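1. Output the structure for:
(chains A and B)
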Amino acid sequence: DTGVSQNPRHKITKRGQNVTFRCDPISEHNRLYWYRQTLGQGPEFLTYFQNEAQLEKSRLLSDRFSAERPKGSFSTLEIQRTEQGDSAMYLCASSQNRITGELFFGEGSRLTVL
Amino acid sequence: DAKTTQPTSMDCAEGRAANLPCNHSTISGNEYVYWYRQIHSQGPQYIIHGLKNNETNEMASLIITEDRKSSTLILPHATLRDTAVYYCIASGWGKLQFGAGTQVVVTP
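-> Residues are numbered from 1 along each chain as shown, chains lettered A, B, ... in the order given. Have a look, this model is predicted:
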């Protein structure tokens, strides 16, 4: 399978715990994006990387959220001290560095904070 | 990114063409029109994009008005598997900002 891979697919945690999601993009893609999606809404942009550089962060990305892409390949999204409002689907996408901007999405990681 | 406006929902009969409208009256000259769809519980899937000219691929056709203020996505022969939320996005290169989209239900 050469698509975007996300793990874990589902995570249930208690409020206050830390969680980490991993995204493995398509191998030749140097851009990687994180989105968050809540029920009934479209995906909301969180942040994106070009290679290992984090180029943009949304205001939605509070101090409790941190994303890394240390070697320009896979990426992790960590949420510290989770809150019930963090419950959502976290989507990762990747693209080649070209002007047309076609994104390839993974299946997402669903977070439930109890 | 330019704001887009889409109907909340629409129904389509199986086998018929589905025409999905999108308004993007504030689109700038370097912004493309992208269409994605999201089938329940899956990640969004790219369908098609265009700048000025009409485009067609194996999934759909994209018709962009001459003034670029609106566009229509055409699914030529809708099937039950086309039931999904369809997103129209007007954006330059880089990140894409999704709206609420149009829920399309294809009925037998």
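2. going forward, measure contacts and count neighbours with C-alpha atoms only.
-> Noted.
3. just the strands in chain A please.
-> Using DSSP state E, the strands assigned to chain A run over residues A:5-7, A:10-13, A:19-24, A:31-37, A:44-50, A:53-57, A:65-68, A:75-79, A:88-95, A:104-105, A:109-113.
4. Which one, of these, ends up nearest to chain B?
-> For the strands of chain A, proximity to chain B was assessed by CA to the nearest CA; strand A:104-105 is nearest, at 5.5 Å.
5. Give me the most central residue, chain A.
-> In chain A, the residue lying closest to the centroid (CA atoms, centre = their mean) is A:W34, at 3.3 Å.
6. these two touch, right, that one and A:T47?
-> Yes - counting by CA atoms under 8 Å, A:W34 does reach A:T47; the two are 5.4 Å apart.
7. Check the secondary structure at the residue most central in space within chain B for me.
-> Nearest to the mean C-alpha position of chain B, counting by CA atoms, centre = their mean, stands B:W35 at 3.8 Å. The three-state label given to B:W35 by DSSP: H, G, I helix; E, B strand; the rest coil is strand.
8. With adjacent residues omitted, what lies nearest to it?
-> B:C88 (4.7 Å; CA to CA, 6 or more residues apart in numbering or on different chains).
9. what about the one you found, how many neighbours?
-> Other residues near B:C88 number 30, with proximity taken as other CA atoms under 10 Å in any protein chain shown.
10. And B:N57, how far from chain A?
-> 14 Å (CA to the nearest CA, to the nearest Å).
11. what's around the closest residue to that residue other than its chain neighbours, how many residues?
-> Counting by CA to CA, 6+ apart, B:N57 lies nearest to B:I48, which is 7.3 Å off, once chain neighbours are set aside. Neighbour count of B:I48, defined by other CA under 10 Å: 21.
12. Against which helices or strands is the helix or strand where B:I48 lies packed?
-> In the assignment (DSSP states H and E), B:I48 maps to strand B:45-50. On a contact count with 3 or more CA pairs under 8 Å, 6 or more residues apart in numbering or on different chains; DSSP states H and E, strand B:45-50 meets strand A:104-105, strand B:32-38, strand B:55-56, strand B:61-64.
13. and those strands as a markdown table, adding mean pLDDT and distance to B:L20?
-> Listed next are the helices and strands packed on strand B:45-50 as a markdown table, based on pLDDT from 0 to 100; distance: least, CA to CA, whole Å:
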| stretch | mean pLDDT | distance to B:L20 |
| --- | --- | --- |
| strand A:104-105 | 94 | 22 |
| strand B:32-38 | 95 | 10 |
| strand B:55-56 | 96 | 15 |
| strand B:61-64 | 97 | 10 |
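14. I'd like to know which of the ones you listed lies nearest to A:L91.
-> For A:L91, the closest of the helices and strands packed on strand B:45-50 is strand A:104-105, at 6.9 Å, according to CA to CA.
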